[in-house]
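Engineer: Provided below are the primary sequence and the corresponding predicted coordinates.
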Amino acid sequence: MIRNYFKIAFRNLLKSKGYSAINIGGLSVGMAVAVLIGLWIYDELSFDKYHSNYNRIGQVWQFVKFDVEKSSYNVVPLPLADEMREKYADFEAVSKSAYRSIVINNGDKMFSKSGQYVEPVFTKMMSLRIIAGSENGLKEGNSILLSQSLAQSLFGNANPVNSIVKINNKTNVKVTGVYADLPHNSTFKDAQFFAPWQLLTSTDGSVKDADTQWDQNSYQVFVQLKEGVDFGTVSAKIKDSRMKRANPPGYKPEFFVHPMERWHLYSDFQNGVNTGGLITFVWLFGTIGVFVLFLACINFMNLSTARSEKRAKEVGIRKAVGSLRAQLASQFFSESLLVVLIAFVLSVFIAGLVLPAFNELSNKQITLPLANPFFWLVGIGFSLFTAIVAGSYPALYLSSFQPLKVLKGTFKAGRFASVPRKVLVVMQFTVSVTLIIGTVVVFRQIQHAKNRPVGYSHHGLIEVDMTTSALHGHYNALKNDLMNTGAVSGYSQSSGSVTVQYGGVTNLSWPGKAANAVPLLMSNNISHDFGKTIGWELIQGRDFSRTYATDSTGMILNESALKLMGLKKPFETILNWGGKEYRIVGIVRDMIRESPFSQVSPAFYVLNYRNTNVINIRLAPQLSASEALGKVAGVFKRYDPDSPFTYRFVDQEFGKKFGDEERIGKLASFFTALAIFISCLGLFGLASFVAEQRTKEIGIRKVLGASVTNLWKLLSTDFVLLVLISCVIAGPIAWYFMSGWLKNYTYRAELSWWIFALTALGAIVITLLTVSFQAIRAALVNPVKSLRAE
């Protein structure tokens, strides 16, 4: 019987090739979207699960209170790690950590790579898969573990274990192991090496000092709990570790352990409360996937029920010869299942075709797990679920026909038979219009932030990290040599990238500052010419100048810092920082160095050549970038011949600040386009059916003098009205969700009325384009052919 059901189903598919193609095409696209989103969600939910101790690993964070709200930071004082190790028995392992970029070379092979300095227990804690050497390799002071890709670059196919490589052109270390490259969905995926903490403290005096300083918050601490220990319990124990010591700071740090299973998806905190994070996008795209699949199912329902009259006699005859309603429903359901299975196979093929583009959009490295039986098991279950959703209503509707009316020829679908189809079309376009509005709002918010004044000129500006000592102590010589090439119009040094705000202080005092106030001001060490090089905007006072020897105790504030201090006469005010007095010499426009969607933090700048580690260079505009960089590279090679010349364009680094929002916008637009395609596909099929159903009516109207335009209006009006209703429903829904989303940003675009109006107009135009082909085609048919049977 089941075999017979599928045979009849297959014949019906061949009999109505056009409608079958629309049904299968729409379902396959919808299922392909669901497959892609499912793989993306699985990748997100499995983040960091590569590490076998995943559910017991955590990172120590702290809440600090600057003035009003608590802020969260994943950097803590290093002595806390020693206290946790010695004082509490809850921890199986504790490791200090510091991210660093190094120049590493083996003979003439030289690379600039990023990695981490950690303690020996880190290797086992993170379950690194050692493919050569020993997992205990970091116990040796002058050692290093290389990633498989870095080892390949340095040594080719040779075994690198026990080989000597040089770090930053001054320290020889032994390769004690090679670990497999970490997967793309690991927090540590970019770590190309791991080196012992002992090596860092022996080569960097500031880190050695920080090992005993409770108020130095620049490093990370990772822990592994013992079996059965709860993260909340240990967080309560270490919470007040700093406040219990002498001279507790005014920002009142509260330490806690953030579990690895929440690092990726739950990394947002607001006033000491975890408010979510990327999990929002998991829910968002999961919801989009469900809706897109639902749109495809609606197409199937609509076209199946719309053509009910063509199968009415079949139902009547089957019931007359004894078929039960359940048997008929099973037959129609088997047809749905056949269509869905064919669509699923096609969806896998489509997903495979678009996966490279999808990976580029989503910044993923997802693959189709075709060899995994679990994937096919889930696929079969997914197909059955889709078949039930798409096929249940048509099966129940078609099997409900009364045989007496059908066989007597008195069966008519009825005036209200099209109402469910119209409701489903309204639902389809409500979803599509909502997605369109959401996508427009996302891109408008991105553009709004991009149009925000940056406060400096980042075009033609490059940065070079001073990773080796060869570049330190040669400011004037290096500057003169670069300027003499004609390729450089500006040169300076700073304590960090102009696109990132690194560290802040709470001990800056000024007249009128409240005794209990603990504001955070971002501190920046710069050289002369910094402002000129980056092109910052002075709004009061002057820039640092070599003409004034007193500028060594001068300070430049940004607008936010001046506003925070509330100084009426800033240039007559003496500030105190670290026991040293400073005078304000200038006020600059706020520069966007953090998120372009948030407020600019109060910041100040002081002259300090000793603590700079980034070189800022303005390329001469009269030369091409490649020509200018070639000349600049030649100068750097003279000063540091053993290091590769690596640089970054500031405008590109600034552009990365929009990465997450742009990625979400592109993914949303991708899925929205597919949703519109599926909706239009269904509309096209329905328009085709309506035109076919009203063939004789159109013929009679033409005979009576109706023009093609009149007939086009007749066939298009109903569909346009349905889309207008969809727009009316979608507007408030989109406004509610997108206004809530925009509230996450301090600096945000307005939700303007014209977005809704233009979207509605666009939806109507798309509808008319979709329906018009069938409408005009039907209107142009010779009425003689239409009425031949009468």
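Structural biologist: Looks like it arrived, so ask away.

Engineer: going by C-alpha atoms from here, please, whenever you check contacts or count neighbours.
Structural biologist: Will do.

Engineer: wait, residue 115 touches residue 196, no?
Structural biologist: No. Between residue 115 and residue 196 there is no contact under CA atoms under 8 Å: 11.2 Å.

Engineer: more neighbours: which of the two?
Structural biologist: Higher neighbour count among residue 115 and residue 196: residue 196, with 25 against 21, using other CA atoms under 10 Å.

Engineer: the more buried one is in contact with residue 136, isn't it?
Structural biologist: No. Contact criterion CA under 8 Å: residue 196 and residue 136 do not qualify, at 10.6 Å.

Engineer: quickly list what's touching both of these two.
Structural biologist: Shared contacts of residue 196 and residue 136, defined by CA atoms under 8 Å, 6 or more residues apart in numbering, are found at residue 120.

Engineer: which residues touch residue 266?
Structural biologist: By CA under 8 Å, 6+ apart, the neighbours of residue 266 are 274-279.

Engineer: tell me which helix or strand it sits in.
Structural biologist: Of the helices and strands defined by DSSP states H and E, none includes residue 266.

Engineer: next: residue 555.
Structural biologist: Element membership of residue 555, judged by DSSP H and E, is strand 554-558.

Engineer: same deal with residue 636?
Structural biologist: Once you assign secondary structure using DSSP H and E, residue 636 falls within helix 625-639.

Engineer: could I get the buried residue list for that helix?
Structural biologist: Going by neighbour count (16 or more other CA atoms under 10 Å), the buried part of helix 625-639 is 628-629, 632, 635-636.

Engineer: return the member of these nearest to residue 227.
Structural biologist: residue 636 (52.6 Å; CA to CA).

Engineer: partner strands of the longest strand seen in the chain, parallel or antiparallel?
Structural biologist: Looking across the chain with DSSP state E, the single longest strand is strand 91-106. Strand 91-106 pairs in its sheet with strand 109-118 (antiparallel), strand 164-167 (antiparallel), strand 220-225 (antiparallel), by DSSP bridges.

Engineer: chain center to it, what's the gap?
Structural biologist: Relative to its parent chain, strand 91-106 has a centroid offset of 26 Å by CA atoms, centre = their mean, to the nearest Å.

Engineer: buried ones in that strand?
Structural biologist: Those would be 91-98, 101-105, for strand 91-106 by 16+ other CA under 10 Å.

Engineer: same question for stretch 48-55.
Structural biologist: Neighbour-count burial for stretch 48-55 flags 48-49, 51, 53-55 (criterion: 16+ other CA under 10 Å).

Engineer: look up how far residue 421 lies from residue 675.
Structural biologist: With the distance defined as CA to CA, to the nearest Å, residue 675 ends up 18 Å from residue 421.

Engineer: more neighbours: which of these two?
Structural biologist: Remark: of residue 675 and residue 421, residue 675 carries more neighbours, 31 against 19, as counted by other CA under 10 Å.

Engineer: quick one, phi/psi of the more buried one?
Structural biologist: Per-residue torsions, residue 675: phi -60, psi -40 (degrees, to the nearest 10).

Engineer: contacts only, for it.
Structural biologist: Going by CA under 8 Å, 6+ apart, residue 675 touches 30, 292, 295, 432.

Engineer: same check, this time on residue 615
Structural biologist: Residue 615 makes contact with 463-466, 491-494, according to CA under 8 Å, 6+ apart.

Engineer: one more: residue 669?
Structural biologist: 436, 439.

Engineer: quick revisit: how far does the helix holding residue 636 sit from the chain's center?
Structural biologist: Its chain's C-alpha centre and that of helix 625-639 lie 35 Å apart, by CA atoms, centre = their mean.

Engineer: tell me the helix or strand right after it.
Structural biologist: The element immediately downstream of helix 625-639 (helix or strand, assigned by DSSP H and E) is strand 648-649.

Engineer: thinking again about what came up before, just checking, what packs against the helix holding residue 636?
Structural biologist: Counting contacts by 3 or more CA pairs under 8 Å, 6 or more residues apart in numbering; DSSP states H and E, helix 625-639 packs against helix 475-484.

Engineer: the helix it packs on vs helix 625-639, what angle?
Structural biologist: Angular relation of helix 475-484 and helix 625-639 on a 0 to 180 degree scale: 150 degrees, by axes from the mean of the first three to the mean of the last three CA atoms, to 10 degrees.

Engineer: offset the numbering so it begins at 86, please.
Structural biologist: Renumbered: residue one is now 86, and that last one reads helix 560-569.

Engineer: now do helix 560-569: distance to the chain's middle.
Structural biologist: Centroid separation between helix 560-569 and its chain, computed with CA atoms, centre = their mean, is 41 Å.

Engineer: the helix or strand just after it - what's its average pLDDT?
Structural biologist: Going down the chain from helix 560-569, the next helix or strand is strand 573-579, by DSSP H and E. In this model, strand 573-579 has an average pLDDT of 94.

Engineer: stretch 334-344 too?
Structural biologist: Mean per-residue pLDDT for stretch 334-344: 91.

Engineer: ends of that stretch, how far apart?
Structural biologist: 26 Å.

Engineer: for the closest residue to residue 155 other than its chain neighbours, give me its contacts.
Structural biologist: Once flanking residues are discounted, residue 155 sits nearest to residue 356: 4.3 Å by CA to CA, 6 or more residues apart in numbering. By CA under 8 Å, 6+ apart, the residues touching residue 356 are 154-156.
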